[in-house]
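Novice: Got a predicted structure plus its sequence, pasted below:
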Amino acid sequence: MRTTLLIVSLLLLSWTPLNAADKPEAEVRALIKKIGPTPPDWFQATPLRYPKTLDMSWKDTPRAPWDPSKNVGQFIWTTINENESRWKEGIRFLHYFLVLNEKDPELSKKTMKALANMYHNLHQDWARAAFWWEQAGETDNIDVAHCYFKLGSKAMAVRILEGYPADYTRHCSVARLWSEVGENEKALKMAVERGKDDPHVGFLAAGDICRAMARSLEALGHYQKVLDRTTTDKGDAKQAKERAKASIEAVKLVDTLDVKRVPDGTYRDTSVGYSGQVFVEVEVAGGRISDVKVTRHTEKQWYSSITDTRRQILLKQGAKGVDATSGATITSEAILNATLKALAKGQK
Amino acid sequence: MIRLNFFLPFFRKRKKSEPPGRPISGPLAAWLSDPETGRKGRIRKTLALIGDTWLSSPWRRVVQAAFFLGFITLFVWVAWPYGGANYAQHREWKEKIAAEFFLIIDPLVSLSTSIASRQWVWSLSAAGIILAVCLLIPRGFCGYVCPLGTVIDLFDWALGRRINRWKIVDQNRGWWVHLKYYILLGCLVAALCGVLLTGFVAAIPVVTRAFLFLVKPLELGLTKGWYLNTGFNAGHIISVLLFIGILFLGVFRRRFWCQYVCPSGAVFSLGNLFRTTERKVETSCISCNKCVEICPFDAIKPDFTTRTADCTLCQTCGGVCPTHAIKFVDRWDHFKLKPRETGVERLPSRRAFLLSGLAGIGVVATKAFAAPSNVHPVRPPGSLPEEEFFQACIRCGECFQACPNDVLQPAGFEHGLAGLWTPQVNANWAGCESSCNNCGQVCPTGAIRALPMEEKRVARMGLARVEPTCLPLAGKEACQLCVDECNAAGYHAIEFMRVHPKLDETGLPIDGSGFSAPVVLADKCVGCGLCQTRCHSINVKTKHLLASSAIVVEAGPGKEDRMSSGSYLALREQGRKQNVPVPGAADSYLPSFLKEGQR
């Protein structure tokens, strides 16, 4: 009996993602070769749409005024990337553009890089992304490594990662990928190292890595460092600070909120609902949420969400597992957010 | 032979000549009256306590009360689409009930609309049915059904009878007794010239608007919150004053409006020419004058015979007659009739008819009621083309009541006299709910077409436009309220465009820099205004970041679909076919240098 259990648990262990992910290199390469050159199944059904004003030679015009109706790269950046509904069109367009300019090796390479980026960033189509990176001659960048890992080969990813002794990427992508392949300690060390030079890049990544490891308190510390040590507000720094703030709030609210640690009393906070502020009053008694009241609101419809969300919060004693009332998501979420914020205020 | 005696038929004192009937005993005895002595039983005592008219003709009062309750229920409960946990199911179920029931049976509503717009208006058939019923019960609509009549009865009972200063002495019949015919003629002449005036004076539109502007604010405030009331404009005030004026006509004589002024009543009076039943007085009349005193419609001549055009067959006189001389029988029944005395009856004046007809033409000639061409208010989805819309909209206000969030609000004088009480979208207040098509369902004249949901969802009421003040567009802060709102409603008609990017040294945009600004897709936007509502309520009213909504819905040529017939779905499909982008070469996937490598 015991041996059976042992075998079963061993079998289960061997099924954990990491082990399963390690496919032989040849298999991954075969996969890329097979899928890469074929169009995605939605390709033919996707219309080819682009502004007729586009300059189809895609000249590099760094000093020219910003004009997404002329410049291909700017069109992709302002319109395709921004709208999920246009992502397939983006692929369609880039392939058309590639064939159109196939005689121009420089431009072809540039287009293939853009394709790879789009397959990777927007479609999470790892095989095609890897294929087009390879065609463009980019075989050692972090995105290719990410594709290989996603396709099942940690070994291939690690081989590329090891080529980076330190992380000088803009968003600390090397450290983040180390974390993703499971080498969290290595990743954290690298991110913290980067934080010494660029706190808003390194510590933000460090915080994210800790959060992925469910080390909430440590994560909060790193995020705080982003706020404390970043001296500039230029470029990415401002955004990094905002993200750190948002992360701190999220970690506090969702991960560390424990009603048992909120002393008895009434807590109030607000959040923006459908047509204005929703004011919520939360009563805590004996480590339990005893009541949630919407004291003031100007919502014009879907009153059901007010009673329904209250009922769910009381039932679930918190935010986890509370579904937004159908059709009244905004009101429902506002009540939930205000409740969480109110409770976070009181938590010790 | 037809006998329609339904005034208190169960009590009649035994005549001396009749043999005594079986005496009533048991528990019922106390309730019924004594046929021998004529002593009132409990039923008659209770009725007498409520009032003479209840005692004389209780059935009429019961029917009246039932219809009035029905009117209130339809108005307050059916027209409001919400209630119950499952919104869609609840609405679907309510859709089967005609909330506009009373409007479609007011014959003047459909008749004048039909004349003005030169179209068959579907509610004409309902009006035809009620007129057919009135062949049997002439002008019965006014005595039994009309909610305005009931409100006037209540007013007269509560207040009108206590104000005696201006009371017109009984039997004094001045020029005003035929006013209703003149008003009717004026309205119909104007309608012939394509101008619809009826909504200002027809009974049911008047009472519907009165409820809308007086009862609904109270109901909303008490049951759902005072902040939900939209506020008053000149249109509200005029309508309320008109209604109060109509009620206060009661200081002259009870039911003054119904007897002498109401043009809807005039249609029934004319219908009375074809009556099959009428009130008859037998020779047993003792000329006690009780019937003349109690008649609420001034329909009894001094000789106690009937003014047949005005009698509503309410039968109050029958119940009050001590000798049971009044019968309600078929028109051709001449049994033992009291002879008519010759008296001079005031007849409608030819000159007044001529004048009222001219007045109708005069109103048209001023062009004050013509559809203005320079303004383009956003109309409800499925509204007829503007000119036809003006000829068909009776200004009853039912669409305002049916609109769940008061997206539709009555215009005041901002588009001139013609636009008064017409529905327009106030998108700052609320946006058109994507799962609702109530306004078209309740419109009694088809000025707003009754569209199925799938048609309504593509019928364009307007087009949204992003103002330069838009927070992300102006580079101030991130905001995507309008986009979220549009996507949540399922239209997906606003997409993003990245603006104000920061460029690095090489001229490439820095990832994450700049703002995502909204761009309206004209082929998907239906102009529901949800985007404007959200921007206004959050950015303007809550956060005070803007002076006015940065995305606004506008109507006008090319921005809305206004069709008198045909499918909006087909229209959109047609547009889509015209806009098909040039398809790229079918094999534009692999460049040729890779194709060779593959082989």
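Specialist: Received the coordinates, thanks.
Novice: Helix, strand or coil: sort out the residue of chain B found nearest chain A for me.
Specialist: Closest approach between chain B and chain A, counting by CB to the nearest CB: B:G507, at 2.3 Å. Every C-beta, even on glycine, is put in place using the N, C-alpha and C of the backbone. Under DSSP: H, G, I helix; E, B strand; the rest coil, B:G507 falls in the coil class.
Novice: What degree of burial does it show, as a neighbour count?
Specialist: Per other CB atoms under 10 Å in any protein chain shown, the neighbour tally for B:G507 reads 15.
Novice: And it, its phi and psi?
Specialist: Phi and psi for B:G507, reported as degrees, to the nearest 10, are phi 90, psi 0.
Novice: B:E278 too?
Specialist: Torsion angles, degrees, to the nearest 10, at B:E278: phi -160, psi 170.
Novice: Wait, it touches B:F328, no?
Specialist: Yes. If you go by CB atoms under 8 Å, B:E278 and B:F328 touch, sitting 7.4 Å apart.
Novice: Residues that sit against both of these two, list them.
Specialist: Each of B:L313 lies in contact with both B:E278 and B:F328 under the rule CB atoms under 8 Å, 6 or more residues apart in numbering or on different chains.
Novice: one step back: give me the pLDDT for the residue of chain B closest to chain A.
Specialist: Looking at B:G507, its pLDDT stands at 74.
Novice: now swap in B:C486 and tell me
Specialist: At B:C486, the predicted lDDT confidence score is 93.
Novice: which helices and strands does the helix or strand hosting it pack with?
Specialist: Using DSSP states H and E, B:C486 sits within helix B:481-488. Judged by 3 or more CB pairs under 8 Å, 6 or more residues apart in numbering or on different chains; DSSP states H and E, helix B:481-488 is in contact with strand B:494-499, helix B:530-534.
Novice: Could you give me the buried positions within it?
Specialist: B:481-486 (16 or more other CB atoms under 10 Å in any protein chain shown).
Novice: can you tell me how far the residue nearest to B:K524 when sequence neighbours are not counted sits from A:S85?
Specialist: Ranked by CB to CB, 6 or more residues apart in numbering or on different chains and with sequence neighbours excluded, the top spatial neighbour of B:K524 is B:A493, at 3.6 Å. Applying CB to CB, to the nearest Å, the value for B:A493 to A:S85 is 11 Å.
Novice: Which one of these two is surrounded by more residues?
Specialist: B:A493 (24 against 13).
Novice: in stretch B:92-104, what counts as buried?
Specialist: Under 16+ other CB under 10 Å, the buried positions of stretch B:92-104 are B:94-95, B:98-104.
Novice: pLDDT weak spots in the stretch 201-348 of chain A?
Specialist: The stretch 201-348 of chain A contains residues with pLDDT under 70 at A:235, A:254-256, A:300-304, A:320-321, A:323-329.
Novice: element containing the closest residue to chain B within it?
Specialist: Per CB to the nearest CB, A:S275 is where the stretch 201-348 of chain A lies closest to chain B, at 3.7 Å. Of the helices and strands defined by DSSP H and E, none includes A:S275.
Novice: hang on, the earlier thing: among the buried residues of stretch B:92-104, which are in helices?
Specialist: Counting by DSSP state H, the part of these found in helices is B:94-95, B:101-104.
Novice: and of the residues you listed, the nearest to B:E414?
Specialist: Closest approach to B:E414 among those (CB to CB): B:L103, at 25.2 Å.
Novice: Report the contact partners of that closest one.
Specialist: B:L103 makes contacts with B:109, B:123, B:204-205, B:208, B:394, B:396, B:398, B:444, as judged by CB under 8 Å, 6+ apart.
Novice: 10 Å instead, please
Specialist: Contact partners of B:L103, counting by CB atoms under 10 Å, 6 or more residues apart in numbering or on different chains, are B:74, B:109-110, B:123, B:126, B:202-205, B:207-208, B:394, B:396-398, B:442-445.
Novice: Doesn't B:V344 lie inside a strand?
Specialist: No. Read with three-state DSSP, B:V344 is coil and lies in no strand.
Novice: any idea how far it is from B:G174?
Specialist: B:V344 is 14 Å from B:G174, by CB to CB.
Novice: try B:G440
Specialist: Distance from B:G440 to B:G174, counting by CB to CB: 45 Å.
Novice: quick one: which of the two has more around it?
Specialist: Taking other CB under 10 Å, B:G440 and B:G174 do not tie; B:G440 has more neighbours (23 against 10).
Novice: Give me the helices and strands touching the helix or strand that one falls within, please.
Specialist: Assigned by DSSP H and E, B:G440 belongs to helix B:438-442. The contact analysis (3 or more CB pairs under 10 Å, 6 or more residues apart in numbering or on different chains; DSSP states H and E) places helix B:438-442 against helix B:87-95, helix B:101-105, helix B:398-402, helix B:453-456.
Novice: starting at the chain centroid, how far to that helix?
Specialist: 11 Å (CA atoms, centre = their mean, to the nearest Å).
Novice: just stretch A:78-94 next, same as before
Specialist: Remark: stretch A:78-94 is offset 19 Å from the chain centroid, using CA atoms, centre = their mean.
Novice: okay, how far is it across that stretch, tip to tip?
Specialist: 15 Å (CA to CA, to the nearest Å).
Novice: Then stretch A:261-277?
Specialist: With CA to CA, one end of stretch A:261-277 sits 27 Å from the other.
Novice: how about the one helix or strand A:K241 maps to, does it reach chain B?
Specialist: Using DSSP H and E, A:K241 maps to helix A:236-250. Yes. Part of helix A:236-250 sits near chain B under the criterion CB under 10 Å from any CB of the partner chain, namely A:236, A:238-240, A:242-243.
Novice: Got a PyMOL select line for the buried ones in the residues you listed?
Specialist: In PyMOL syntax, the buried subset of these is picked out as below (16+ other CB under 10 Å):
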select buried, chain A and resi 236+239+240+243
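Novice: List the buried residues of stretch A:337-348.
Specialist: A:337-344, A:346-347.
Novice: and what of stretch A:267-281?
Specialist: In terms of neighbour count (16+ other CB under 10 Å), stretch A:267-281 has its buried residues at A:267, A:269-281.
Novice: Contacts only, for the nearest residue to B:P381 once chain neighbours are set aside.
Specialist: In this structure, B:P381 finds its nearest non-sequential neighbour in B:A459, 4.3 Å apart by CB to CB, 6+ apart. Residues in contact with B:A459 (CB under 10 Å, 6+ apart) are B:380-383, B:437, B:440, B:449, B:451, B:526-527, B:560-563, B:567-569, B:571-572.
Novice: In terms of helix, strand or coil, where does B:A459 fall?
Specialist: Put simply, B:A459 is coil when judged by three-state DSSP.
Novice: Would you mind measuring from it to A:L151?
Specialist: For B:A459, the distance to A:L151 - CB to CB - is 49 Å.
Novice: again, but for B:G235
Specialist: In terms of CB to CB, B:G235 sits 68 Å off from A:L151.
Novice: helices or strands next to the helix or strand containing B:A65 in the packing?
Specialist: Following DSSP H and E, one finds B:A65 within helix B:58-72. Under the contact criterion of 3+ CB pairs under 10 Å, 6+ apart, helix B:58-72 touches helix B:42-50, helix B:52-56, helix B:101-105, helix B:147-158, helix B:203-210, helix B:316-320.
Novice: most tightly surrounded among those helices?
Specialist: helix B:203-210 (a mean of 27; mean count of other CB atoms under 10 Å in any protein chain shown).
Novice: What pLDDT is listed against B:L222?
Specialist: pLDDT for B:L222: 88.
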